[in-house]
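Trainee: coords below, sequence missing:
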């Protein structure tokens with residue numbers, strides 16, 4: 001059976017950003033923090049029973065929203081409750097998402113003392129003008145202070161989120177953002193392009209973005225800058241110092257299993273046979289989620305016909321790619337079920353086969369959407 005992770009969704013944030021398509025809601029004075037922790041623990045207990053989980057949890061990721069808005073007392077109750085419900089692996093990675101402007105030294109020191117050992121900080125940019133365009137509530141100075149507080153609180157493992165291809169941005173502004181992030185010495189940097197997702201303000205009212213040529217040259221320069229400073233690109237948008245990859249996200253991309261609890265959370269569980277895989281989902285509305293804690297939400301079994309694309313969409317995000325044996329053991333299918341798309345990608349040099357591994361070439365890596373289209377239309 002594949003490794004098992006736990007994703008916990010806390011959907012409240014200070015305000016909804018115009019580009020954000022995550023399940024997030026503006027926090028209010030009467031946000032039911034205590035009741036929500038109760039619901040999360042009840043949700044986990046139900047899932048453990050429903051899927052007959054006996055495997056230990058290998059990582060926990062608390063996302064949102066801005067989950068760091070919750071109190072240390074709430075996270076203490078949540079983490080201790082999880083310990084009573086399910087076994088946890090030694091050296092457990094526990095990540096908490098946080099946004100600048102919510103950082104208080106004593107609060108984050110308490111988070112660290114509770115066992116949270118990794119932060120993912122939503123910086124996006126160190127340019128005040130660009131932050132305003134993105135609707136962010138923090139300033140460039142607050143972004144720098146957030147990283148400094150993370151260090152002071154004892155987090156030697158934290159991620160800084162950066163975006164490029166922003167409205168009114170230039171190659172120089174992106175280069176400055178990456179250089180500033182490097183000066184703060186995070187263990188991990190996420191560097192990804194802004195996309196205009198459906199059901200967002202930016203999708204309805206698209207801002208003027210840099211042209212594709214500028215975006216590509218900016219990406220190439222910044223990738224080299226990160227590499228020159230010892231940050232290995234192990235996934236499409238993820239760069240880390242040695243042995244500091246986000247283990248939770250790597251489990252996603254290796255098509256591992258994960259329980260998802262909280263409003264709008266999704267999960268993926270393998271049961272018995274390799275091809276018996278279920279995707280679960282919880283009500284998106286916090287109010288509906290809180291009023292239906294006796295239920296498990298919904299679930300869909302992934303059909304055998306959909307397994308090849310599901311596998312490819314995850315594994316090809318990783319530099320290491322996959323072996324035919326990994327494909328067969330994960331899906332229960334022969335590597336020939338990826339034809340003719342695999343042959344087309346090999347012929348067009350989008351994918352390379354070497355040392356029993358299939359992985360994206362530099363061209364395939366930079367144009368991942370083109371690669372995936374081959375498997376959508378030629379599988």
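Mentor: Structure received. All figures in this text were calculated on a predicted structure; none of them were measured in a lab. Numbers count the residues shown, from 1 in each chain.

Trainee: run through the stretch 251-379 of the chain and note the low-pLDDT ranges.
Mentor: Applying pLDDT under 70 to the stretch 251-379 of the chain flags residues 273-274, 293-296, 379.

Trainee: repeat that with 80
Mentor: 272-275, 292-297, 378-379 (pLDDT under 80).

Trainee: please apply the same query to the stretch 1-150 of the chain.
Mentor: The model of the stretch 1-150 of the chain has no residue with pLDDT under 80.

Trainee: go again with 90.
Mentor: Along the stretch 1-150 of the chain, the parts satisfying pLDDT under 90 run over 1-2, 26-30, 101-105.

Trainee: ok, which stretches of it are helices?
Mentor: 33-50, 72-85, 105-113, 128-133, 140-152 (DSSP state H, counting those that start in this stretch).

Trainee: pretty sure residue 64 sits against residue 10.
Mentor: Yes: assessed by Cβ atoms under 8 Å, residue 64 is found in contact with residue 10 at 4.7 Å. C-betas here are computed from N, CA, C, even on glycine.

Trainee: who's more crowded, the two?
Mentor: The neighbour count for residue 64 versus residue 10, taken as other Cβ atoms under 10 Å, is higher for residue 10 (30 against 25).

Trainee: settle this for me: the more buried one is touching residue 71, isn't it.
Mentor: No: look at residue 10 against residue 71 with Cβ under 8 Å: they stay out of range, at 11.7 Å.

Trainee: for the longest strand seen in the chain, packing partners?
Mentor: For the chain, the strand with the greatest residue count under DSSP state E is strand 88-98. Packing contacts for strand 88-98, counted by 3 or more Cβ pairs under 8 Å, 6 or more residues apart in numbering; DSSP states H and E, involve strand 57-64, helix 72-85, strand 118-124, helix 247-253.

Trainee: and it, how far out from the chain middle?
Mentor: 14 Å (Cα atoms, centre = their mean, to the nearest Å).

Trainee: and stretch 343-351, by the same measure?
Mentor: Worked out by Cα atoms, centre = their mean, stretch 343-351 lies 28 Å from the chain centre.

Trainee: please apply the same query to stretch 179-199.
Mentor: The answer for stretch 179-199 is 12 Å, by Cα atoms, centre = their mean.

Trainee: same question for stretch 87-101.
Mentor: Between the centre of stretch 87-101 and the centre of its chain there are 12 Å (Cα atoms, centre = their mean).

Trainee: helix, strand, or coil at residue 312?
Mentor: helix (DSSP: H, G, I helix; E, B strand; the rest coil).

Trainee: residues of the longest strand of the chain that come out buried?
Mentor: Using 16 or more other Cβ atoms under 10 Å as the test for burial, strand 88-98 gives 88, 93-98.

Trainee: out of the residues you listed, which is nearest to residue 165?
Mentor: residue 97 (21.9 Å; Cβ to Cβ).

Trainee: return the most buried member of the helices and strands packed on strand 88-98.
Mentor: Across those, averaging neighbours per residue (mean count of other Cβ atoms under 10 Å) puts strand 118-124 on top, at a mean of 26.

Trainee: what's the neighbour count on residue 287?
Mentor: 11.

Trainee: which residues does stretch 364-379 contact?
Mentor: Residues outside stretch 364-379 that contact it (Cβ atoms under 8 Å, 6 or more residues apart in numbering): 216, 219, 236, 308-309, 312-313, 316-317, 319, 337-338, 340-341, 344-345, 349-351, 360.
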